[in-house]
Structures are given as C-alpha cells and as structure tokens.
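1. sequence-free structure coming up:
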C-alpha cells in the first residue's frame with residue numbers, strides 16, 4: 001500500500017509539472033501531440049507466469065507530447081495491458097512516463113525510449129509495483145509503426161516479477 005501512495009505522489013508531481021507547462025504551450029500541444037494504439041505479444045520471464053502461458057496478449061496506448069525532459073526527446077505517457085485469458089485474472093497493467101528519442105526523416109524514423117512508472121498486477125493478492133521499460137521502434141509509414149520493449153518490475157509480496165519482452169504493431173492518429 002505504501003508503494004501505491006509513493007507512486008501516486010510521484011505521478012501527481014509529474015502531472016502537475018506537465019500541466020503547468022501544458023497551459024503555457026496549449027496551442028503547440030494541440031498541433032504536435034500524437035495518440036497511438038498498439039497490439040502484440042508479451043513474453044514473460046518469470047517461471048510462474050510462463051507456466052500459465054508462454055505468450056500473453058499485449059495491448060497499449062500512448063500519448064506523445066512535445067515536452068522535453070531531456071534534450072531532443074519527447075515525453076510519452078503510456079498504459080499497457082498484458083493478459084493470458086482475456087482479462088479474467090492475472091493481468092499486468094504497466095503505466096509509464098517515458099522519454100523517446102527519434103532519428104531519421106518523418107515516416108521512416110527509428111526511435112528508442114526509456115521510462116519509469118508503476119505496474120498494477122492482479123495476481124493473488126493484487127499489488128502495485130515499481131516498473132521500468134526500455135525499447136526500440138521503427139515507423140513503417142506516417143501512421144504505422146512496430147515496437148519492442150523490455151519491461152522490468154520489482155518483486156511482489158509472493159516473490160513474482162512481471163518482467164518480460166513485448167512486441168507490438170501500432171497506429172498513430
């Protein structure tokens with residue numbers, strides 16, 4: 001529970017900081033922000049999770065905003081969902097704040113990203129875990145992209161981590 005409040009306070013701080021900047025840059029954000037959705041597969045590392053299913057379904061959504069926490073980067077807020085049984089139990093929901101760095105011309109860019117956040121897991125018992133991700137991606141055209149990410153989480157109270165690799169195909173709007 002303490003981790004949940006710490007992650008909530010950290011998210012509130014980031015949201016407050018970005019909303020203050022967003023008020024100043026409101027017009028720019030409307031023009032340059034991008035929303036994307038993606039679907040793919042998640043391959044967990046933990047034996048307890050692979051005993052249930054070797055490949056889990058993965059889906060996610062991102063909002064990319066032109067606020068730079070580091071030079072030449074963009075900020076990405078994302079939420080993912082990993083499940084092996086259509087969501088009835090044993091779901092993983094990583095929520096991340098990431099920085100993404102692009103290279104190349106628009107529509108043919110490659111990128112890498114790193115981020116931190118929380119993973120909400122509904123194993124028995126449910127828990128909120130500190131999480132991080134790193135990944136690479138490539139644009140197929142102006143709208144479509146492919147992406148691969150490594151997800152890491154701390155151990156829950158039962159000693160289980162929700163770490164693994166995910167591969168996605170996505171669309172930007």
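-> Yep, it's here. Remember, predicted model here, so these are calculated numbers, not experimental data.

2. does residue 74 really touch residue 63, like I thought?
-> No - with contact defined as Cβ atoms under 8 Å, residue 74 does not reach residue 63; the gap is 10.5 Å. Bear in mind the C-beta positions are built from the backbone N, C-alpha and C, glycine included.

3. okay, these two: which has more neighbours?
-> Higher neighbour count among residue 74 and residue 63: residue 74, with 21 against 13, using other Cβ atoms under 10 Å.

4. Beta-bridge partners for the more buried one, please?
-> In this structure, residue 74 bridges to residue 100 when assessed by DSSP bridges.

5. list the contacts for it?
-> Counting by Cβ atoms under 8 Å, 6 or more residues apart in numbering, residue 74 makes contact with 64, 65, 66, 67, 68, 99, 100, 102.

6. again with residue 101
-> By Cβ under 8 Å, 6+ apart, the contact list for residue 101 reads 70, 72, 73, 111, 112, 113.

7. Identify the residue spatially nearest to the second one, adjacent ones excluded.
-> Counting by Cβ to Cβ, 6 or more residues apart in numbering, the nearest residue to residue 72 once its immediate chain neighbours are dropped is residue 101, at 6.1 Å.

8. so what pLDDT did residue 105 get?
-> Looking at residue 105, its pLDDT reads 89.

9. where do the strands sit along this protein?
-> Under the criterion DSSP state E, the chain contains strands at 34-44, 56-65, 74-83, 92-103, 110-121, 127-139, 144-153, 164-172.

10. list the buried ones in stretch 122-142?
-> Neighbour-count burial for stretch 122-142, counted by 16 or more other Cβ atoms under 10 Å, picks out 123, 127, 128, 129, 131, 132, 133, 135, 137, 139.

11. got any ranges where the chain has weak pLDDT?
-> Applying pLDDT under 70 to the chain flags the ranges 1-31.

12. circling back to that earlier point, looking at the buried residues of stretch 122-142, which is nearest residue 162?
-> Of all the buried residues of stretch 122-142, residue 162 sits closest to residue 129, with 6.7 Å by Cβ to Cβ.

13. Which neighbouring residues are in contact with the closest one, exactly?
-> Contacts of residue 129 (Cβ under 8 Å, 6+ apart): 3, 118, 119, 120, 121, 153, 154, 155, 156, 161, 162.
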